[in-house]
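# build the 3D model from these lines:
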Amino acid sequence: LATGMAALALLAGFALAGILRPHWSLELDRYGVGVFLLFGLAAGIVRARQGCVTARLYLVAIGVFFVLGGVAISLTGLGQIHTLYVEHVGLLAVAVPGLHAVDRRLSRVVVGIVLQLVNAFFVVIVGALTVEGDARLEDIYQCSQVGGGALMAVFPGEFTQSECQTMINYLTRNKMPSLLEAGLPDGVINFIPGPGSRVGDPVLDDPRLAGIHFTGSTEVFQKMWTTVGQNIRQYRAYPRIVGETGGKDYVFVHESADIDETVTALVRGAFEYQGQKCSAASRAYIPDSIWPQIREKYVAEVQSIKMGDIEDFSNFMGAVIDKAAFRNITGYIDFAAQSSEAEIITGGKYDDSTGYFIEPTTIVTTNPDFKTMVEEVFGPVLTIFVYKAEQYEAALRACDTTSPYALTGAIFARKRSAIVLAREILTHNAGNFYINDKPTGAVVGQQPFGGSRASGTNDKAGSALNLLRWVSVRTIKESFLPPKDYRYPHMGGDTD
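Have a look, this model is predicted:
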């Protein structure tokens, strides 16, 4: 009952947000929403077993909280072109477990400045943890030293002006007053809008740099790593470097796969959130023995996709994030349209007159090394290579070596031996490997996320594994009966 009320209230809040959005700026802490959900479920159990009046009041409260939560979350989702389902998944994935996994008696936070850089969908963080000496970076931010605490500055990366303003309003009006009231010292958190390149370079040159946590392009990450290498002699300690850069994620299909399940995974994996996820399905390998059946159903499904304003819940897709993304994605589409090695079987059209809309585009290529099979597109474009069914193993090895990335991948098959073979051959080309499921939608705390090769350092964001990268283990030994003679027993003479 509590869950049902919460879901209905969330939908009501999402609808109400469309009315309030032009006049009201509100965001409710998502952790609080999660607590409200647990609170409501507990109340439902009490209500079912005891029928008490208090439980009824709890259920009413949870309904009100979720209406407000729906409004708040919707305002954020509408700004980032999330559909209702995508925003719902994000709501369920916000909790980061594992914070209790570090024994403070054995571990210390890393000493120095930790720089976090992320792309336009997130924020940028600079923090100095357990600061030694002067904690000021005059050219970047002004802050006060916090003995034994944390020093942190937060600012957007390549955000749009509206996104920056929204983040500024949220932090200055909602978060910061609450934190200061709770006892957070002035200067511990500093919010500074600005591009990552402008504020990041001075940090990389600072001797106190202790680490980098990066999300963005492979090119930028490699440039930062090179800079750290060049500056290595000037740092007080070896900086820890963690990065998630990109992916060329795949769906590999065996001839024993279920047709309907495969098609659904391809459509959702490639076109949900307009393919603007580093885990989105961007290439697919399909055997010729079942390609005709898959193609017929797949084309029909893609053609049924509605695209438009996400405030219309019947739309599956919205616009891509900005003009730069629009130009980049359409460049790949134009390249395929002019190539003799490719055929566009869905989409291929785009229009930026009322928004940056790109049709869900599917390219079928005869070349397994075709440009859109290798390079990250980061948009609603899926490229399919049809392989000969009897060359399953060879196709797996081609999948393993075609792209430099190794973030996510999926295998669809009912034959267990085919799954086992794929899992073995593709061991190192997907940090998150899915069996009979789309290669996207990892839930924080359930599926720690990250990849290797050109996709990053595979430190699994959203898990204790990542948290441990930012602590320095300290081993302490205390002896209660220290020896009083350097001689050992086998040496003869009196020893302790």
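
# so where is the protein shaky, pLDDT-wise?
1-7, 9-175, 187-197, 444, 493-496 (pLDDT under 70).

# where's the residue lying closest to residue 385 once chain neighbours are set aside, which helix or strand?
Distances taken as C-beta to C-beta, 6 or more residues apart in numbering put residue 368 closest to residue 385, at 4.9 Å, once the chain neighbours are dropped. Backbone N, C-alpha and C define where each C-beta goes, glycine included. Following DSSP states H and E, there is no helix or strand that holds residue 368.

# what is the burial count for residue 368?
Around residue 368 there are 18 other residues, counting by other C-beta atoms under 10 Å.

# got it, and residue 332?
20.

# now do residue 324
Neighbour tally, residue 324, other C-beta under 10 Å: 12.

# residue 352 versus that one, what's the distance?
12 Å (C-beta to C-beta, to the nearest Å).

# need phi/psi at residue 253.
phi -110, psi 130 (degrees, to the nearest 10).

# same deal with residue 367?
For residue 367, the backbone dihedrals (degrees, to the nearest 10) come out as phi -110, psi 110.

# would you list the phi and psi of the residue lying closest to it once chain neighbours are set aside?
Counting by C-beta to C-beta, 6+ apart, residue 367 lies nearest to residue 341, which is 4.6 Å off, once chain neighbours are set aside. When read as degrees, to the nearest 10, the backbone of residue 341 gives phi -100, psi 0.

# so residue 341 versus residue 282, what's the distance?
17 Å.

# between those two, who's got more neighbours?
The residue with more neighbours, out of residue 341 and residue 282, is residue 282; 32 against 13, by other C-beta under 10 Å.

# just the C-alphas of stretch 434-443, formatted as CSV.
Written as CSV, here are the backbone C-alpha positions of stretch 434-443 (Å, rounded to 0.1, in the frame of the first residue of the first chain):
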residue,chain,number,x,y,z
TYR,A,434,25.5,-8.5,-18.9
ILE,A,435,24.0,-11.8,-19.8
ASN,A,436,20.7,-11.6,-21.5
ASP,A,437,20.2,-8.0,-20.5
LYS,A,438,21.0,-4.6,-22.1
PRO,A,439,24.5,-3.2,-21.3
THR,A,440,23.2,-0.1,-19.5
GLY,A,441,21.3,0.9,-16.4
ALA,A,442,23.7,-0.2,-13.7
VAL,A,443,22.3,0.5,-10.3
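
# can you list the residues that contact that stretch?
For stretch 434-443, contacts defined as C-beta atoms under 8 Å, 6 or more residues apart in numbering pick out 89, 92-93, 249-251, 257-258, 261, 264-266, 268-269, 272, 277, 279-281, 408-413, 419, 423, 430, 432, 448-449, 462.

# so for it, what gets flagged as buried?
434, 437-442 (16 or more other C-beta atoms under 10 Å).

# next one: stretch 345-355
346-348, 350.

# cool, stretch 275-292 as well?
Neighbour-count burial for stretch 275-292 [16+ other C-beta under 10 Å]: 275-287, 290-291.

# that stretch: end-to-end distance?
Stretch 275-292 has an end-to-end distance of 24 Å (C-alpha to C-alpha, to the nearest Å).

# three-state assignment of the spatially closest residue to residue 279 that is not a sequence neighbour?
Leaving out its chain neighbours, the residue that sits closest to residue 279 by C-beta to C-beta, 6+ apart is residue 440, at 4.0 Å. Under DSSP: H, G, I helix; E, B strand; the rest coil, the three-state class of residue 440 is coil.

# please, where are all the strands along the stretch 251-400 of the chain?
281-287, 342-346, 350-351, 357-358, 361-365, 381-387 (DSSP state E, counting those that start in this stretch).

# can you put these in JSON lines and add distance to residue 236?
Shown next, in JSON lines, are those (distance: least, C-beta to C-beta, whole Å):
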{"stretch": "strand 281-287", "distance to residue 236": "41"}
{"stretch": "strand 342-346", "distance to residue 236": "52"}
{"stretch": "strand 350-351", "distance to residue 236": "50"}
{"stretch": "strand 357-358", "distance to residue 236": "47"}
{"stretch": "strand 361-365", "distance to residue 236": "50"}
{"stretch": "strand 381-387", "distance to residue 236": "45"}
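
# which among the ones you listed is found nearest to residue 181?
strand 357-358 (44.2 Å; C-beta to C-beta).

# got the contact list for that closest one?
For strand 357-358, the surrounding residues in contact (C-beta under 8 Å, 6+ apart) are 274, 307-308, 318-320, 326, 329-330, 333, 347, 350-351, 379-380.

# make a ChimeraX selection of whichever of those residues turn out to be buried.
Buried residues among the contacts of strand 357-358 (16+ other C-beta under 10 Å), as a ChimeraX selection:
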select :274,307,318,319,320,326,329,330,333,347,350,379,380
